[in-house]
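# With the input below, show me the fold.
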Amino acid sequence: MFSFREILSVTMILFAIIDIIGTIPVIIQVRQRAGHIESEKASITVLILMIVFLFIGDELLSIINVDIKSFAIAGSLVIFFIAMEMILGIRIFKEEEISSTASIVPLAFPLIAGAGTMTTLLSLKSQYATANIIVGIILNTIFVYFVLKNTHRIEKLLGKTGLGVLRKAFGIILLAIAIKLFRSNTGL
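Residues are numbered from 1 along each chain as shown. Modelled structure (predicted):
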């Protein structure tokens with residue numbers, strides 16, 4: 001039932017889609033604005049979201065009459081606004097809104113376990129054994145937890161200038177991802 005090859009493949013695919021390394025500037029920015037990120041809460045939320053979506057994603061979206069494309073477009077818009085904040089140095093999300101729930105929104109969802117991750121899980125389900133996908137999810141969640149737990153160290157390592165450059169660069173990358181997600185799901 002367990003296949004090392006499948007687990008490795010699923011883990012690498014999810015790692016690329018989640019892109020926790022690429023979201024480090026966003027995580028640091030959210031932490032700076034919120035004051036604190038609850039690493040455990042965010043990681044558990046990511047784990048639960050991905051496993052639940054793996055099993056009932058199609059049904060859940062059909063119950064609320066939302067198709068995968070609409071779900072992906074909504075996620076792309078949130079990512080778009082986060083990218084605009086990073087690039088332009090402006091604040092779109094209000095302080096009180098982001099500080100009370102920062103570990104869940106926008107961090108756990110849609111940044112880490114967003115529309116791209118959820119859509120990928122549904123396609124992985126058709127190609128790999130469920131047990132192997134779950135192991136891949138768990139391995140990625142452990143890595144997400146490690147990154148979230150060490151944002152202070154990462155921030156010190158990068159320094160203020162390095163963080164600023166990284167924030168702008170990844171802001172542009174996030175913007176491109178948001179536009180790609182939007183275009184691929186609207187047919188534009």
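# just checking, next helix/strand downstream of the helix or strand that contains Gln32?
Gln32 belongs to helix 24-34 when assigned by DSSP states H and E. Sequence-wise, the next helix or strand beyond helix 24-34 is helix 39-63, with elements assigned using DSSP H and E.
# From the chain's centroid, how far away is that following helix?
Remark: helix 39-63 is offset 12 Å from the chain centroid, using Cα atoms, centre = their mean, to the nearest Å.
# on that earlier part again, tell me which residues in the helix holding Gln32 are buried?
Of the residues in helix 24-34, those buried by neighbour count under the rule 16 or more other Cβ atoms under 10 Å are 24-31, 34. The way it works is simple: take the backbone N, C-alpha and C, and place the C-beta from them, glycine included.
# For it, which outside residues touch it?
37, 82, 85-86, 91, 95, 98-99, 102-103, 106-107, 111, 147-148, 151, 154-155, 163, 166-167, 170-171, 174 (Cβ atoms under 8 Å, 6 or more residues apart in numbering).
# quick one: low-confidence ranges for the chain?
Across the chain, the stretches falling below the confidence threshold (pLDDT under 70) are 93-100.
# any idea where the helices of this protein begin and end?
Assigned helices in the chain, in chain order: 4-18, 24-34, 39-63, 68-88, 95-101, 115-125, 130-149, 151-186 (criterion: DSSP state H).
# tell me the contacts of the residue nearest the centre of the chain?
Closest residue to the average C-alpha location of the chain: Ile112 at 1.5 Å, with Cα atoms, centre = their mean. Ile112 makes contact with 18, 20, 23, 42, 46, 144 under the criterion Cβ under 8 Å, 6+ apart.
# Tell me who's in contact with the third one.
Thr23 makes contact with 111-112, 170, 174 under the criterion Cβ under 8 Å, 6+ apart.
# how near is it to Asp67?
Spatial separation of Thr23 from Asp67 under the definition Cβ to Cβ, to the nearest Å is 26 Å.
# Tell me the spacing between the closest residue to Ala115 other than its chain neighbours and Gly22.
The spatially closest residue to Ala115, leaving aside those adjacent along the chain, is Gly75, at 3.0 Å (Cβ to Cβ, 6 or more residues apart in numbering). When Cβ to Cβ is applied, the distance between Gly75 and Gly22 equals 15 Å.
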